[in-house]
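**Q** Starting from these lines, generate the structure:
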Amino acid sequence: MKSKTYDDISSIFRGIIVKDGGKGSGNFGHEGRPGKVGGFGRSAFMKYLDTDVLKNPEKHSVGKYIENGKLSNNRKKLHNEAIKNYFRDVKKTHNPVIYFNGGGSASGKTTAISKLFPEVLSASNKMGIVVDPDELKKDIPEYNELKFKNDPTAAGFAHEESSALAKKLFSKAVNSKEYNVLMDGTLAGKTEKAKKKILDAKKSGSPVVGNFATVDIDEALKRNYLRYLRTGRFPSVDTVIKNHKEVSVNYPELAGLFNKSALIDNNGKEPVIIAKSGEDGKLKILDKEKYNKFINKTKESDDEIKQRFKKMIPVYEKEYLKNNPGAKLKSRPKI
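**A** The predicted model follows:
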């Protein structure tokens with residue numbers, strides 16, 4: 001019996017059977033050529049990939065599907081189906097809004113933003129296209145296979161492919177000018193890259209709104225570890241520290257680019273807006289003490305943060321077991 005391929009496994013996980021196209025099998029209503037699936041050519045996906053994918057293909061889920069700088073036809077089919085599914089049953093609008101969610105790992109941004117701004121597009125309300133690289137990983141067969149084996153490298157292995165898919169989906173949704181769109185990420189990384197994302201979105205003519213959440217790095221590491229005990233998902237300590245610091249650098253630089261923005265402190269029982277910007281592009285500080293704490297994350301020593309975290313791991317594990325009777329602890333990840 002022939003073993004199942006990665007593409008077969010992905011179809012099982014997502015309920016999608018990827019077939020060669022015939023008439024009418026192209027994406028978004030246009031026909032595919034016989035035997036092919038219509039959709040995105042080489043440049044549409046390849047331009048979004050990091051150069052490391054070509055240099056070290058074995059380190060990336062998509063690496064083995066690229067030859068001579070071109071993506072294989074089977075992989076194109078998989079991508080086309082994944083993206084097409086995000087447009088199904090989504091309400092169109094004549095006045096689209098583009099949203100960016102930002103904030104370091106485990107800052108609770110989705111919950112905080114939905115509490116303060118219930119009108120903002122979310123993954124649950126089908127009022128637009130939600131672009132989330134973590135969700136797009138579920139369309140990648142290699143990711144599903146590694147997750148099935150509880151392999152902690154799954155997310156990292158699929159990161160570049162899911163990120164490129166997210167960029168492609170975001171571009172397609174924004175340029176349609178028919179949907180509200182949410183880019184659900186961190187807006188960490190290089191400031192100039194984050195600026196480009198926002199400015200490119202503004203070229204559509206739609207209002208662009210940015211909502212950011214922040215918690216103390218120690219609190220983020222605690223939440224990150226408790227989530228690992230529940231789900232097995234564990235962004236590294238270095239990653240959490242890094243993206244929290246980068247968001248603290250980026251938000252003051254990005255706030256004025258949005259039509260409006262808000263920075264939400266999510267350390268307490270209820271989220272609180274501590275800074276905001278409007279059409280005039282000016283950043284207004286509403287809580288100077290909390291805002292300064294957010295900005296000063298960049299001054300904290302990474303080594304000291306890690307040492308505090310290591311000391312607290314037994315406390316977090318005890319808390320987890322208390323709140324989850326009968327649960328078993330996972331082996332501690334490499335810090």
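
**Q** Could I get the full set of strands for this protein?
**A** 66-67, 70-71, 98-102, 129-131, 181-184, 208-214, 260-265, 272-277, 283-285 (DSSP state E).

**Q** could you give me the average pLDDT of the first one?
**A** When pLDDT is averaged over strand 66-67, the result is 92.

**Q** Just give the strands next to that strand in its sheet, each with its orientation.
**A** Strand 66-67 has the following strand partners under DSSP bridges: strand 70-71 (antiparallel).

**Q** And for the strand it pairs with, what's in contact with it?
**A** Applying Cβ atoms under 8 Å, 6 or more residues apart in numbering, the external contacts of strand 70-71 come out as 42, 45-46, 62, 65, 79. Every residue, glycine included, has its C-beta placed from N, CA and C.

**Q** Tell me how many other residues crowd residue 284.
**A** 11 (other Cβ atoms under 10 Å).

**Q** For it, give its distance to residue 240.
**A** As judged by Cβ to Cβ, to the nearest Å, residue 284 and residue 240 stand 28 Å apart.

**Q** related to what we said a few turns ago, filter the contacts of strand 70-71 to the buried ones?
**A** Using 16 or more other Cβ atoms under 10 Å as the burial test, the contacts of strand 70-71 include 45-46, 62, 65, 79 as buried.

**Q** Next, format the residues you listed as JSON lines and append distance to residue 145.
**A** Below are the buried ones among the contacts of strand 70-71 laid out as JSON lines (distance: Cβ to Cβ, whole Å):
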{"residue": "45", "distance to residue 145": "21"}
{"residue": "46", "distance to residue 145": "24"}
{"residue": "62", "distance to residue 145": "14"}
{"residue": "65", "distance to residue 145": "15"}
{"residue": "79", "distance to residue 145": "18"}
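
**Q** Break down the stretch 201-335 of the chain into its helices, ranges please.
**A** For the stretch 201-335 of the chain, the helices defined by DSSP state H, counting those that start in this stretch cover 217-231, 237-254, 288-295, 302-323.

**Q** Skip the chain neighbours and tell me the closest residue to residue 89.
**A** Distance criterion Cβ to Cβ, 6 or more residues apart in numbering; nearest residue to residue 89, sequence neighbours excluded, is residue 126 at 6.3 Å.

**Q** What pLDDT does the model give the one you found?
**A** With respect to pLDDT, residue 126 scores 72.

**Q** Now do it: how many residues are near it, please.
**A** Close neighbours of residue 126, defined as other Cβ under 10 Å, add up to 13.

**Q** what residues are up against it?
**A** Contacts of residue 126 (Cβ under 8 Å, 6+ apart): 89-91.

**Q** pretty sure residue 283 contacts residue 255?
**A** Yes - under the criterion of Cβ atoms under 8 Å, residue 283 makes contact with residue 255 at 4.7 Å.

**Q** The two: who's more crowded?
**A** Higher neighbour count among residue 283 and residue 255: residue 255, with 22 against 18, using other Cβ under 10 Å.
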